[in-house]
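Peer 1: Here's a sequence, model it:
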Amino acid sequence: MPPTPQGKWLTDIAIVVAATVSLFLLALNLPLFGFFFSLLIPLPVFYGRARLGRQTGLVAAVLSLLAMAVVIGALSFDLFFYLELLLLGFLLGEFCEWRLSIAQTVAFTTAAVLLAGLVGLTLYSSWIGKGLGQMVTDSVGQNLEMSLTLYRNMGVAEENIELIAGSLDTIAYVMVRVLPGLSASACLLITWACLMLARPVFRARGLAYPDFGPLNRWQAPEALVWGAIACGALLLVPDKGIKVMGVNGLIVLMTVYFFQGIAITAFFFQKKRFPLILRVFLYSLIVVQQFLLLLVIGMGFFDTWLNFRKLDASNSG
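Peer 2: I've put the predicted structure just below:
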């Protein structure tokens with residue numbers, strides 16, 4: 001990465017901190033959509049790591065965390081969540097310097113963040129004198145209660161509120177058990193999204209960006225399909241614990257096949273020369289329409305056998 005000119009690093013630190021804290025404040029103060037801004041928090045930290053280098057980039061990340069701590073006002077589960085996002089952005093910058101493939105970069109970053117999260121949660125639960133499982137269960141319950149309050153404030157019909165409130169214990173029970181898979185999936189998606197969003201920014205700012213090759217030709221390892229089939233088979237086992245393992249495995253693997261499905265989509269968008277504005281519109285539809293999302297995941301999964309892009313033929317030609 002090119003070094004930051006002397007005397008300019010203070011300005012760059014200020015930009016990174018300001019961008020990170022702005023996203024954090026939007027996440028806190030915008031109901032419903034604020035959560036999506038929190039998912040972008042790793043991006044300025046990733047930029048800061050690339051622009052400023054390891055030590056100064058770390059200073060920018062720490063200053064951002066201190067500003068968040070001042071706003072939140074106490075060491076809490078929420079602050080820990082934002083710390084994980086900052087860590088994700090910083091580690092992404094680290095692994096991008098290792099000249100890895102995109103799959104390795106995303107996998108290593110996700111694994112490191114999840115491991116750090118598990119260690120951090122264990123230490124935090126010990127510090128507050130509560131078991132890890134109970135702490136997570138309480139946090140999920142509190143967040144569901146907050147969501148219910150938000151629905152009331154948004155004017156959702158009372159009968160629907162009562163229906164959700166009556167199922168709150170069941171929802172919390174399921175959420176806690178699929179949380180490992182959801183956390184890994186979210187981490188994979190945030191890491192992947194940060195890499196995609198950072199590419200035009202890095203190029204515009206003259207920063208080095210890893211050469212991952214043509215991403216619209218990316219494929220998951222073929223052996224992974226047997227993992228998905230095995231996880232699906234676990235759902236047929238009567239034991240609840242084994243079923244939960246199967247569900248968590250499927251959540252993670254379907255995220256991987258979502259990436260392959262998006263690569264296929266991008267391949268045909270490029271082949272048909274779709275204009276940029278139309279591509280953005282269609283990608284947005286995939287995000288908000290569950291049917292299209294499932295279609296993309298299915299396309300990625302069955303590409304193992306159907307080879308929609310005819311990649312071998314293209315390569316040989």
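
Peer 1: Does anything pack onto the helix or strand where residue 201 lies? Which helices or strands?
Peer 2: Assigned by DSSP states H and E, residue 201 falls within helix 168-204. Applying 3 or more C-beta pairs under 8 Å, 6 or more residues apart in numbering; DSSP states H and E, we find helix 168-204 packed against helix 42-72, helix 77-96, helix 102-127, helix 132-153, helix 240-271. For the C-beta atoms, the positions are set from N, CA and C on the backbone; glycine is no exception.

Peer 1: May I see the ones you listed organised as a markdown table, with mean neighbour count and distance to residue 206 added?
Peer 2: What follows is the helices and strands packed on helix 168-204, written out as a markdown table (neighbours: other C-beta atoms under 10 Å; distance: least, C-beta to C-beta, whole Å):
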| stretch | mean neighbour count | distance to residue 206 |
| --- | --- | --- |
| helix 42-72 | 21 | 10 |
| helix 77-96 | 21 | 15 |
| helix 102-127 | 16 | 21 |
| helix 132-153 | 14 | 41 |
| helix 240-271 | 19 | 25 |
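
Peer 1: for those, which one sits closest to residue 299?
Peer 2: Closest to residue 299 of the helices and strands packed on helix 168-204 is helix 240-271 (C-beta to C-beta; 4.4 Å).

Peer 1: packing partners for the closest one?
Peer 2: Secondary-structure packing of helix 240-271 (3+ C-beta pairs under 8 Å, 6+ apart): helix 168-204, helix 224-234, helix 276-288, helix 290-306.

Peer 1: what about residue 208, which SS state?
Peer 2: The assignment at residue 208 comes out as coil when based on DSSP: H, G, I helix; E, B strand; the rest coil.

Peer 1: Worst mean pLDDT among the helices and strands packed on helix 168-204?
Peer 2: For those, the stretch scoring lowest in mean pLDDT is helix 132-153; its value is a mean of 84.

Peer 1: Residues touching whichever helix or strand comes after it, excluding its own?
Peer 2: Going down the chain from helix 132-153, the next helix or strand is helix 158-166, by DSSP H and E. Contact with helix 158-166 is made by 148, 151, 152, 171, as judged by C-beta atoms under 8 Å, 6 or more residues apart in numbering.

Peer 1: and residue 139, what does it touch?
Peer 2: Residue 139 sits next to residue 77 when contact means C-beta under 8 Å, 6+ apart.

Peer 1: Using the three-state scheme, assign residue 220.
Peer 2: Using three-state DSSP, the structure places residue 220 in coil.

Peer 1: ok, it touching residue 259?
Peer 2: Yes. With contacts counted by C-beta atoms under 8 Å, residue 220 reaches residue 259, the gap being 7.3 Å.

Peer 1: Name the residues contacting each of those two.
Peer 2: With C-beta under 8 Å, 6+ apart as the test, residue 220 and residue 259 both reach residue 300.

Peer 1: center of this structure - which residue?
Peer 2: In the chain, the residue lying closest to the centroid (C-alpha atoms, centre = their mean) is residue 190, at 2.3 Å.

Peer 1: The nearest residue to that one once chain neighbours are set aside and residue 51: what is the separation?
Peer 2: Leaving aside its chain neighbours, residue 190 sits nearest to residue 39 (5.4 Å; criterion: C-beta to C-beta, 6 or more residues apart in numbering). Applying C-beta to C-beta, to the nearest Å, the value for residue 39 to residue 51 is 21 Å.
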